[in-house]
Structure formats: structure tokens, C-alpha cells
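*Asks:* Compute the structure for the input listed below.
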Amino acid sequence: MGPLNCVLAAMIFMICGSAAEDYNIFCQYDVGSIAYKNESQVYPWYIDTRMCTHLVLGHGFGVNETGEVQITDEFLLIKHGFLKSAAELKIDNVKKILFTLGGWADGESRRLTQVISNSTKRDEFYKSLTIFLRKWRLDGIQIDWRSPSQDSKPEDKKNFVTFLEGLRLSAQEHKFIVMVAVLGRTDKKTLAAYNIPAIVKEVDFVNLMLHEERDAHSRKLGYNAPLYGPEKSMDAAVKHWSKAGHAPKKLIMGIPLFMTSYTMDKKKSTVGSPSKGPGKTTPYTRRPGFMTYNEWCPNTKKWAINFDNKFMVPYATQGDQWVSFENGQSISAKMNLLKNSKLGGAMAWTVDADDFSGRCGQEFSLLFAIFEALGDIKTLLTTTPKYEPSGLCPRDEWKRDHWDCRLYYECRNGQRYYYECIKGEFFDEKLKYCRPEHEVECKQDFVIWRPGMPLYDMENFPRNLKIVE
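*Replies:* Numbers count the residues shown, from 1 in each chain. The predicted structure is shown next:
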């Protein structure tokens, strides 16, 4: 954090003091965001863990046909080392690390539904889950159960509760966290998919979400998570789930940090107006109807930005493009509702979509808006290192290895943490991420020495000597 940001944080702390209550701040990290290009490519160690109490890993996890928990993206989670290093992210303020199963993807949703509806597969799931958590030193699981609102069967509602009952017993025995992500919309079809009292009873936390990845393909312009409004609003979701579940402290308010884009029909920009479908594919995230805030915010001068005071959310237009997003004002309003409703905390979904590098001002500006309302600002002002800085790491920074452009390391609190780019990429010290070899300047003009070669003496010892065994 830069000096100006520290001064700003200090001023906020002096005015507001620390939070009166302890809130949970869940930071969801989409491992698949590594596929983004250039400035939007995000590694897990970019996350400012001082602002998270829990880290939730998404993408790359699933179940097989027998119900066994498995890794579905070995390249990222195993070969790239993200999962093995997950425990090392439990630093600063992070207490627990969870992983996510399910979601909107048809294949994962279908396999999870098959497990939930079969007692033999459920038993295999419980057994394999405890082994999986221990192996990878994880603390819990989030079941993303949004799909029922799309194509649910009548028996899914009952089967899901039965599944959670067994999962709770296993969690109590093996001491891990159970969290469920649900659609918080209050339309009749969505509510019919959930037995709210039973779900809330069987889990530790309920991630109350309004956004759905399919929304951009609808034929109407829609906000990601409006504070107010009919059927799809955070206010209605909180009231309904709090009343039906009788445990508001278990409810976690989902805050979408990404942007949903639409193509307007006849440039009608009022929410609810006809849409031609998803917005244009962008060069970094390359997904129609989707942008990260990090990708969009440097170009705000090209957009007309508006704030809807009725629904308490911003939106922006450019030509025939329309985007829904969050900003400090909308998040602040949601945090007021969260605190007044005595909820358990918030979920930043997903932190890789935030302005993590501070391209547009405050680093992780959207996450900071959540943390400012719920966290303890003093934790951001701590500058005392946990370890004595060594000569190899005198200050916090990212550096490329002197001998190999694929290798790089982070200096953090006097310690080095080493990483390696995938084959065909070099670490770019200016941009602080891996890029294709031909796009990165890499001078490797060292002198190689192998055992058996003539020895150097003090007079001709080269400074750029590399010893190769």
C-alpha cells in the first residue's frame, strides 16, 4: 500500500474506529482467471489477504461418477502449484481456506445433482471429501447450488437437504466448514427450489447471491445485484432468508465485483429495456457479457456513467454497450443493510475481478470498500515485518531470477517465495506477471561452469558465473 493510501486509511480509522462487531469477509478467487490476458491475469498471491478472513478457491474442483471429490483442472491446481501453495496463503488476516463445488456449468451441476440424489454416492462423497481436505490442508467446502432455479426437479429440493444433513455430521466429526451459495432472488420459481429453514440449519454459512452468469444472455438489461427492486434485490433476499432461516448471522451477502455487459436494443438504456444479448467480447477476459473491473476502469472516460438512486447501483453506456457493476457508493449502501440486518459478513465474488494492481487508484478498491465497512483498518497499517529482513529480501517486491527468466520470486516480510512460469513464458518484471517469451526481454549473458572445466581464480572470476551440475 502506498503512502497516500496509508494516510487515507489512517484518517478513516481515526474517524470511524474499528468495527464494533466481528464480521466475516470471504474472498472468492477464481483460479480460472489465470486464463485472462495481460493486465487482467491474476495469481493468488496478488490477493491482499489482510482484507479477507476466509479465502474461497473456485474452478477446477468436481466429483466423478462414483461421487468422489476430484480435481478437474490438474494443469492449474497441480502442475501450476496453486493448490499446494494454498496453505501458504493463510497469512495476515485469513483464518480458513475453502474450495468450491458446483456452480452454473451444466456438467458440474449435473454430476453434483446425481451425487445428491444417490445414497451410495453421497457416502462416497463424504468419505472422499475428508481425505481431500486433509491432503490439501483446506478447511472447508462451499457448495454452489444456484442451478436449481434453472432446471430443477421436484425431488432435488428434498435430496439437497438430505445431502446437507450427512455433510453436517461429517463436518462436525472432522471439524470443517460447510458453506452453501444460493440464489437469493425471491421470485416464485427460485424460492420453490430451496427449503430455507432446513438449509440454514445444516450449514455454517449461506452465501446469498443475486447474480447469475446466464443473465447476460437474457433479453432484458439487468443489474447484477440491486439493493432494492421487485424479486431480485438484496433487500428482499436478506429479509426473506432472515425471516425463514431464523439465523441472520449465518447469512453472507454476496457482492459481485465483476461486470455484466449487454448489447442494447435501439440504445434504450433504462434497466429492464430490451437487450440483443451479451455485450461484446473484450480482449483480456474474452468472454461475451463479462468484464473484470480491472479491465474496464482504465477506460471510464469513454463511458457515460450513471447511478440509479432507485435501485442504488451504477451502470454505464458506450454506443450500444451497457454494463452493470459495483462502486464504492453501491457497496457502502449494501454494507449498511448488512450491518442493520445483523448478517454474518460479505462475500467478494471474485477478488480477481477487482482492480488488484491499483490501475485506477486504490488497490483492490471494491474489496477495500467492503473491508472499510466491516474490517479493522488497523490491520492495513501494520508495517512491522514478521521476520527480520535478510540481505536477499531487504524490501517487499517481485523479482525475476537472475539466471532463469522463467523463475521469479516474491519478497514478503523478509522471506522469499519462489514461482515458475509455464513453459514458453518469461516473467516480465515491469508488469509483474508471466508473458510469452517473444514479448519479454530476457538477457541471459552469463558464463556457465560445469564440474571438470578449468577453475577460475580471483583475478578472472566472472561476476555473471552460473554453476551447472
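*Asks:* Can you give me the buried ones in the longest helix along the chain?
*Replies:* For the chain, the helix with the greatest residue count under DSSP state H is helix 154-174. Of all the residues in helix 154-174, those buried under the rule 16 or more other C-beta atoms under 10 Å are 156-157, 159-161, 163-164, 166-167, 170-171. C-betas here are computed from N, CA, C, even on glycine.
*Asks:* Could you single out the nearest of these to W45?
*Replies:* A171 (28.6 Å; C-beta to C-beta).
*Asks:* Please name the spatially closest residue to the closest one (chain neighbours excluded).
*Replies:* V178 (4.9 Å; C-beta to C-beta, 6 or more residues apart in numbering).
*Asks:* go on, M234?
*Replies:* In this structure, M234 finds its nearest non-sequential neighbour in L227, 5.2 Å apart by C-beta to C-beta, 6+ apart.
*Asks:* The one you found against S332, yeah?
*Replies:* No: look at L227 against S332 with C-beta atoms under 8 Å: they stay out of range, at 10.4 Å.
*Asks:* which of the two has more neighbours?
*Replies:* L227 (22 against 14; other C-beta atoms under 10 Å).
*Asks:* per-residue confidence for the more buried one?
*Replies:* We have a pLDDT of 98 for L227.
*Asks:* what does C6 give?
*Replies:* 45.
*Asks:* Check H80 too.
*Replies:* For H80, the model assigns a pLDDT of 77.
*Asks:* Please apply the same query to T384.
*Replies:* 39.
*Asks:* Nearest residue to E439 in space, please, no chain neighbours.
*Replies:* In space, and not counting its chain neighbours, E439 is closest to D428: 7.7 Å by C-beta to C-beta, 6+ apart.
*Asks:* and that neighbour, how many neighbours?
*Replies:* Counted with other C-beta under 10 Å, D428 comes out at 21.
*Asks:* For M347, see how far away W296 is.
*Replies:* As judged by C-beta to C-beta, to the nearest Å, W296 and M347 stand 21 Å apart.
*Asks:* brain fart, V94
*Replies:* In terms of C-beta to C-beta, V94 sits 14 Å off from M347.
*Asks:* For the spatially closest residue to K268 that is not a sequence neighbour, list the residues it contacts.
*Replies:* With C-beta to C-beta, 6+ apart as the criterion, K268 has its nearest non-adjacent residue at 6.6 Å, and that residue is P274. The contact partners of P274, taken as C-beta atoms under 8 Å, 6 or more residues apart in numbering, are 219-221, 264-266, 268.
*Asks:* Show the buried residues in these.
*Replies:* Neighbour-count burial (16+ other C-beta under 10 Å) is assigned, among the contacts of P274, to 221, 264-265.
*Asks:* Now flag whichever of those is closest to Y418.
*Replies:* Distances from Y418 to the buried ones among the contacts of P274, taken by C-beta to C-beta, are shortest for L221, at 46.8 Å.
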